[in-house]
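Student: The amino acid sequence is not available; the structure is as follows:
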């Protein structure tokens, strides 16, 4: 999009041309572009931006409809940190040539300078679509997406940022920009857990003298993230030595990371030493304060740790790691009362907090704190049910009340599950209909192996129960009646446990039920089929319905089946590569495209989905449309489009594009 080769020589040659022919508009445009390129991408700074602006203004003076002059003037002013002055030039360029890629690139830079990353990303996306082979567009878009991800979070934003930075790298940008581009991509890989790729990038970056020191710092972060704490200490120390050699002071964040590494290695004295060194340089460094508090906890100084965490939270109430450690330390010390009172305070204050957006808003922080307290109270056990229910009455926020109600139910069910689980260890002694009902009610909190083991009731267990529970019979007939009664209880017990196991809807549960369905009598088969219907087996539901029709209870069973059958789940479309599967839109086979997305009613290839991405405005689906891949309607999806007769929603487009982008990143990083 802009020139990047032999810029100084080109600039000198163009200046000579203009000296000879001051009215040569073509030479002036090229000179303005060269100056702007040097200012934006080659360290030229404001001096060259001012030269680009001067030439652009001359172009506009000579021809007010010169769109490129307005674009260059606007971009030069943005580069000089004067976005307010740039606005009038860019607005005029929008009026004159709204589709130009360099205009959208300039608008992306303008809105980024204005801190409006949403609009910046929109314009940079337009620039990439208009000029897909321009590394400048991909570079700026990748950086804007990365900033947006840091601002609002979101894995998809990070993945998109990675893709566009990889695109910029693959298009062979200016050598001056290669090191910072590698740094940015390495940091994104670090944030997404691609530690091997991050390490590869930072090792290569270390070979650049300008970036060797910062590469060492990031290699320390990679090693720490991988749990290689000795390597992390080595990299961090070498980074600090390089800082000192360059005449800079020690960096407190790196000292704190060394302290955390020693903490993980169990060397508490060294951990305390480095944390204190970090706090001398920056007494407010949260990571160092948190690490020092953890050291105190490990040393058995719980009261000192609690004081440190409280002091930190007084100054920084949004610091969740300190709150987590404070609550955990209180719980380990047996201070359940503090946890319960803290929950009441947080819930009681919640409704008074301002309703603002963002993950760091007061309400968002309070919800996170409440979540931490509920997690610790779950560890304490069911004795906290009363406190959670009491807190529920302190807020009118329905979402918060529901969370508290769920927590109380979980605590109560956990208590029941503990009792039932203990009795399930000896099913032959404890089987009963009431215990089975309790197991069914608490099935979600009882390990599946415990439920499965509870099925093991033998004939000897039944005979023993007949004597223990019903006393010695006076004659053989009475004894047989007692045994038969206990056998019916055992069968009911097993039937209820089969239903409890079915609520898990796991693969092992389905396999167990399939085994139980072999050779059982007709009555127990009903329970097996009901359990299989709960797992979503259509044949089992049909079998139940046929049996009910024979008994004249078809309507009743249909009603019951609607209650126990799992609701149809909206599955995400699956990617298919190769093969003879054809795209429902264009008819291409899997061998002709990169991948196909197959859904409930159609198959769509990545080329058709790419067409949607490029032409979103003209492909909007009708109001009554539903996605042919996942079933979402206009009410459920952000957007819905129709391409070659196939409807697809924004969610499925993101899945397909995300898959293609991840594959591109994987291929590039594997071979670069």
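Tutor: It's in. Values in this document were obtained by computation on a predicted structure and should not be read as measured data. Residues are numbered from 1 along each chain as shown.
Student: count of residues packed around residue 249?
Tutor: Using other C-beta atoms under 10 Å, the number of residues around residue 249 comes to 9. No exception for glycine: its C-beta is placed from N, CA and C like everyone else's.
Student: ok, which stretches of the stretch 101-250 of the chain are helices?
Tutor: Taking DSSP state H, counting those that start in this stretch to define them, one finds helices in the stretch 101-250 of the chain at 101-113, 117-130, 135-152, 155-170, 178-191, 195-205, 212-225, 229-245.
Student: CSV for those helices, including mean pLDDT and distance to residue 549?
Tutor: Putting these into CSV (pLDDT from 0 to 100; distance: least, C-beta to C-beta, whole Å) gives the following:
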stretch, mean pLDDT, distance to residue 549
helix 101-113, 94, 66
helix 117-130, 92, 58
helix 135-152, 91, 56
helix 155-170, 90, 50
helix 178-191, 91, 59
helix 195-205, 92, 60
helix 212-225, 93, 61
helix 229-245, 93, 67
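Student: Any idea which of those helices gets closest to residue 458?
Tutor: helix 155-170 (51.9 Å; C-beta to C-beta).
Student: Dump the helices of the stretch 101-250 of the chain into TSV; add distance to residue 70 and mean neighbour count as well.
Tutor: Shown next, in TSV, are the helices of the stretch 101-250 of the chain (distance: least, C-beta to C-beta, whole Å; neighbours: other C-beta atoms under 10 Å):
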stretch	distance to residue 70	mean neighbour count
helix 101-113	8	24
helix 117-130	15	20
helix 135-152	19	22
helix 155-170	26	22
helix 178-191	29	21
helix 195-205	38	20
helix 212-225	38	21
helix 229-245	45	18
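Student: Residue 159 reaches residue 194, doesn't it?
Tutor: No. When contacts are counted by C-beta atoms under 8 Å, residue 159 is not listed as touching residue 194 (10.4 Å).
Student: Out of the helices of the stretch 101-250 of the chain, flag the one nearest residue 607.
Tutor: Checking the helices of the stretch 101-250 of the chain against residue 607 by C-beta to C-beta gives helix 117-130 as the closest, at 15.3 Å.
Student: Show me the contact partners of that closest one.
Tutor: If you take C-beta atoms under 8 Å, 6 or more residues apart in numbering as the criterion, helix 117-130 is touched by 99-102, 104-105, 107-112, 114, 134, 137-138, 140-141, 144-145, 147-148, 151, 164, 614.
Student: 7 Å - rerun?
Tutor: 99, 101, 104-105, 107-108, 111-112, 137-138, 140-141, 144-145, 147-148, 151, 614 (C-beta atoms under 7 Å, 6 or more residues apart in numbering).
Student: Please state the offset of that helix from the chain centre?
Tutor: 23 Å (C-alpha atoms, centre = their mean, to the nearest Å).
Student: what does stretch 75-89 give?
Tutor: 36 Å.
Student: Ok, stretch 348-357 next?
Tutor: Using C-alpha atoms, centre = their mean, the offset of stretch 348-357 from its chain centre is 25 Å.
Student: Also stretch 539-548?
Tutor: That offset, for stretch 539-548, works out to 42 Å (C-alpha atoms, centre = their mean).
Student: Go through that stretch and flag the buried ones.
Tutor: Of the residues in stretch 539-548, 540-541, 543-545, 547-548 count as buried by neighbour count, 16 or more other C-beta atoms under 10 Å.
Student: Kindly reformat the residues you listed as JSON lines containing distance to residue 122.
Tutor: Listed next are these as JSON lines, based on distance: C-beta to C-beta, whole Å:
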{"residue": "540", "distance to residue 122": "51"}
{"residue": "541", "distance to residue 122": "49"}
{"residue": "543", "distance to residue 122": "55"}
{"residue": "544", "distance to residue 122": "54"}
{"residue": "545", "distance to residue 122": "54"}
{"residue": "547", "distance to residue 122": "60"}
{"residue": "548", "distance to residue 122": "58"}
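Student: how about CSV for the residues you listed, with pLDDT and secondary structure added?
Tutor: Output for the buried residues of stretch 539-548, formatted as CSV (pLDDT from 0 to 100; DSSP: H, G, I helix; E, B strand; the rest coil):
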residue, pLDDT, secondary structure
540, 85, helix
541, 84, helix
543, 85, helix
544, 84, helix
545, 83, helix
547, 84, helix
548, 85, helix
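Student: Ok, which of the helices of the stretch 101-250 of the chain comes nearest residue 565?
Tutor: Taking the helices of the stretch 101-250 of the chain one by one with C-beta to C-beta, helix 155-170 is closest: 33.1 Å.
Student: Can you tell me what sits against that closest one?
Tutor: 135, 138-139, 141-142, 145-146, 148-149, 181, 184-185, 188, 191-192, 654, 658, 661-662, 664-665, 668.
Student: how about a cut-off of 6 Å?
Tutor: 135, 138-139, 141-142, 145-146, 148-149, 184-185, 188, 192, 661, 665, 668 (C-beta atoms under 6 Å, 6 or more residues apart in numbering).
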